[in-house]
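Visitor: Provide a 3D model corresponding to the input given below.
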Amino acid sequence: MATEVIAGQQISVDDEGFMTDLSEWSEDLAQALAKEISIDSLTEDHWKAIRFLRADYAEMGETATIRRVSTETGLTTKQLYELFPKKPAKKMAYISGLPKPTGCV
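Guide: As a prediction, the model looks like this:
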């Protein structure tokens with residue numbers, strides 16, 4: 001298993017850079033992960049999506065799709081693309097410290 005150092009913290013990651021140990025995640029680390037993928041600051045809407053993803057993962061055991069995030073949070077798909085440009089599902093999962101969603105390429 002690979003590791004990376006982000007914001008001075010060593011984290012376990014898979015071969016695509018997604019965290020593999022959910023217990024290593026923190027909101028401070030999320031800020032640093034966001035900066036790694038060119039999201040300079042996390043707004044309340046970012047946190048709404050991130051917190052939903054983490055809670056949903058704990059309950060369902062898999063990373064939610066963008067459609068589920070939109071349906072459950074009230075954030076439109078368009079808003080999610082604005083918050084997490086180009087690949088919102090992957091970026092939301094990455095910042096949330098979760099595995100890449102099934103079906104993402």
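
Visitor: The longest helix seen in the chain packs against which elements?
Guide: Ranked by number of residues, the top helix in the chain under DSSP state H is helix 44-60. Helix 44-60 makes packing contacts with helix 66-73, helix 77-83, helix 88-96 when contacts are defined by 3 or more CB pairs under 8 Å, 6 or more residues apart in numbering; DSSP states H and E. C-beta: built from backbone N, CA, C; applies to glycine.

Visitor: what's the closest of those helices to Ser26?
Guide: Nearest to Ser26 among the helices and strands packed on helix 44-60 is helix 88-96; the distance by CB to CB comes to 11.4 Å.

Visitor: List the buried residues for the longest helix of the chain?
Guide: By 16 or more other CB atoms under 10 Å, the buried positions in helix 44-60 come out as His46, Lys48, Ala49, Ile50, Phe52, Leu53, Arg54, Asp56, Tyr57.

Visitor: Over to stretch 96-104?
Guide: Quick answer for stretch 96-104 (16+ other CB under 10 Å): Ser96, Gly97, Leu98, Pro99, Lys100, Pro101.

Visitor: hmm, who's touching the helix or strand hosting Leu33?
Guide: Per DSSP states H and E, Leu33 falls inside helix 27-36. Helix 27-36 is contacted from outside by 6-7, 9, 11, 40-42, 46, 50, 94-97, using CB atoms under 8 Å, 6 or more residues apart in numbering.

Visitor: TSV please, covering the residues you listed and showing distance to Thr20 and pLDDT.
Guide: What follows is these, written out as TSV (distance: CB to CB, whole Å; pLDDT from 0 to 100):
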residue	distance to Thr20	pLDDT
Ile6	14	85
Ala7	17	83
Gln9	14	86
Ile11	8	91
Asp40	26	94
Ser41	26	94
Leu42	22	97
His46	23	98
Ile50	18	98
Tyr94	12	96
Ile95	15	97
Ser96	13	97
Gly97	9	96
